[in-house]
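Chemist: Following is a predicted model, sequence given first.
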Amino acid sequence: MRRKLKWMVSIFLVFNLIGCLKKEILDEISLIEGISFDYVDKKNILGTVVIPIYLPNVPPKSKTFSAKAEIKKSILQEIQRQTADPVVTGSLEVVLFSKTLTEKVGILPLVDPFQRDPGVGSGLYLAVVDGDTKELLSGKYGIRSNATYISNLLEHNVKNEDLPKTNLQLFLADFYQEGKTPYLPQLKQIRKDTLKINGIALLKYGKMIDLIAAEKMFFFKLLVDKYSEGLHRVKIEGGEAAVRSIHSSHNFELTKRDPTEVTIHIKIDGIINEFTGQELTPKLMKKLQEQLEKDVERECLSMIERFKEKEIDPIGFGHFVKTQTRNFNFKNWWENQYQDLVVKIKPEVNISESGVIE
């Protein structure tokens, strides 16, 4: 009897809770898929939202609304006055920040509301825009809505190209992690119907202070992420090869103390399916492997020295050394140890020949 009573009470509570939920009918709301912020002045920003308009038998269209305000909440309140239906963030896919805003003001006050919004997923993409974000969101990018196009662009480049994994959750984890600084992809509108990822923005205290150019992203991803697919071109005296289907992994090793020395072991496997020389002999194959190892070591070390000069640590050396050290002091790390850190790169490249095109 008591068991039956428990079941009845549970069912009663479930139906009561369901009845308390706020109901939202899709045809009666405006779902924001993308939002962006542009710098106006020290106190004000311009917010723009993109809302897909779905019509029968035609591709979705993107409609934008903009408003000027001091904080995100006020911007949405202003935009609510421009739309016929309530605006909600349940389908939000991308949040964009202009480069000027990111450099002058920083993005932390704008990111914070999204992590507090229960309707926003942790897989939300954040990105910096080289240019005007309102103009970028107002473009025409194929048959899908603009926000979905940008989201797919970032996802594709994470899976198959040189962009490290990125989303709201990872950004916040890097920001709150002592001994690591965050980074975000940077987008640029080439034409009204074309976008590209033109680098990775490096941040310090929420402000952008440097940029990794697109041609250096391959080496950055080797240090902070792993490849499941990828492409990189290697030049030697006998020709140039396209190394495809790149798989990579990295492993950190604390090899010395006083001064601290960290060795990064990078393993790369790939296939050559394009070569511009006359014949890809075993000797040239070996040269290609050796050249790629030299390129990786040189570019990675150069990048790390640049990070030390900027006093940022997107690779997370501080976090790694902390896991290997008792009573680790972050203040001492940033003030003394990080600048004296010795880093060694040990690449191991294995390239196989397959379907070579001369």
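Modeler: Now that the structure is in, tell me what you want to look at.
Chemist: Which parts of stretch 310-330 count as buried, going by neighbours?
Modeler: Using 16 or more other Cβ atoms under 10 Å as the test for burial, stretch 310-330 gives 312-322, 328. (Glycine included, C-beta is placed from N, CA and C.)
Chemist: swap in stretch 241-256?
Modeler: 241-246, 248, 250, 252.
Chemist: Need the single longest helix in the protein, by residues.
Modeler: Ranked by number of residues, the top helix in the chain under DSSP state H is helix 282-310.
Chemist: Quickly list the domain ranges of this protein.
Modeler: Following automatic domain parsing, the chain resolves into domains at 25-214, 226-353.
Chemist: which one of the ones you listed lies closest to Phe220?
Modeler: domain 25-214 (5.2 Å; Cβ to Cβ).
Chemist: What's the mean pLDDT across that closest one?
Modeler: Average pLDDT, domain 25-214: 87.
Chemist: follow-up on the earlier one: which one of the domains of the chain has the most crowded surroundings?
Modeler: Ranked by mean neighbour count under mean count of other Cβ atoms under 10 Å, the domains of the chain are led by domain 25-214, which reaches a mean of 18.
Chemist: circling back to that earlier point, could I get the buried residues of stretch 241-256 as a markdown table with distance to Gly34?
Modeler: Formatted as a markdown table, the buried residues of stretch 241-256 follow (distance: Cβ to Cβ, whole Å):
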| residue | distance to Gly34 |
| --- | --- |
| Ala241 | 39 |
| Ala242 | 34 |
| Val243 | 35 |
| Arg244 | 32 |
| Ser245 | 32 |
| Ile246 | 31 |
| Ser248 | 31 |
| His250 | 33 |
| Phe252 | 36 |
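Chemist: just curious, which of those residues is nearest to Leu187?
Modeler: Ile246 (23.5 Å).
Chemist: Am I right that the closest one falls within a helix?
Modeler: No: counting by DSSP: H, G, I helix; E, B strand; the rest coil, Ile246 is not part of a helix but strand.
Chemist: for the stretch 251-358 of the chain, what are the low-confidence residue spans?
Modeler: Along the stretch 251-358 of the chain, the parts satisfying pLDDT under 70 run over 354-358.
Chemist: Next one: the closest residue to Lys310 other than its chain neighbours from Glu229, what distance?
Modeler: Distance criterion Cβ to Cβ, 6 or more residues apart in numbering; nearest residue to Lys310, sequence neighbours excluded, is Asp210 at 5.4 Å. Using Cβ to Cβ, to the nearest Å, Asp210 is found at 27 Å from Glu229.
Chemist: could you pull out the helices for the stretch 251-358 of the chain?
Modeler: 282-310, 317-323, 330-332, 338-340 (DSSP state H, counting those that start in this stretch).
Chemist: Can I get the second one in CSV, CA atoms only?
Modeler: In other words, helix 317-323. C-alpha atoms of helix 317-323 as CSV (Å, rounded to 0.1, in the frame of the first residue of the first chain):
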residue,chain,number,x,y,z
PHE,A,317,52.4,25.2,-19.3
GLY,A,318,51.5,26.6,-15.9
HIS,A,319,48.7,24.2,-15.4
PHE,A,320,50.8,21.2,-16.5
VAL,A,321,53.8,22.1,-14.2
LYS,A,322,51.3,22.6,-11.3
THR,A,323,50.1,19.0,-11.7
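Chemist: for it, packing partners?
Modeler: strand 239-256, strand 261-275 (3 or more Cβ pairs under 8 Å, 6 or more residues apart in numbering; DSSP states H and E).
Chemist: mind putting those strands in JSON lines, distance to Asn157 included?
Modeler: Output for the helices and strands packed on helix 317-323, formatted as JSON lines (distance: least, Cβ to Cβ, whole Å):
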{"stretch": "strand 239-256", "distance to Asn157": "14"}
{"stretch": "strand 261-275", "distance to Asn157": "18"}
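Chemist: distance between the strand or helix carrying Asp112 and the chain's centre?
Modeler: Per DSSP states H and E, Asp112 falls inside helix 108-116. Averaged C-alpha coordinates place helix 108-116 at 16 Å from its chain's average position (Cα atoms, centre = their mean, to the nearest Å).
Chemist: Check stretch 61-74 too.
Modeler: With Cα atoms, centre = their mean as the basis, stretch 61-74 stands 23 Å off its chain's centre.
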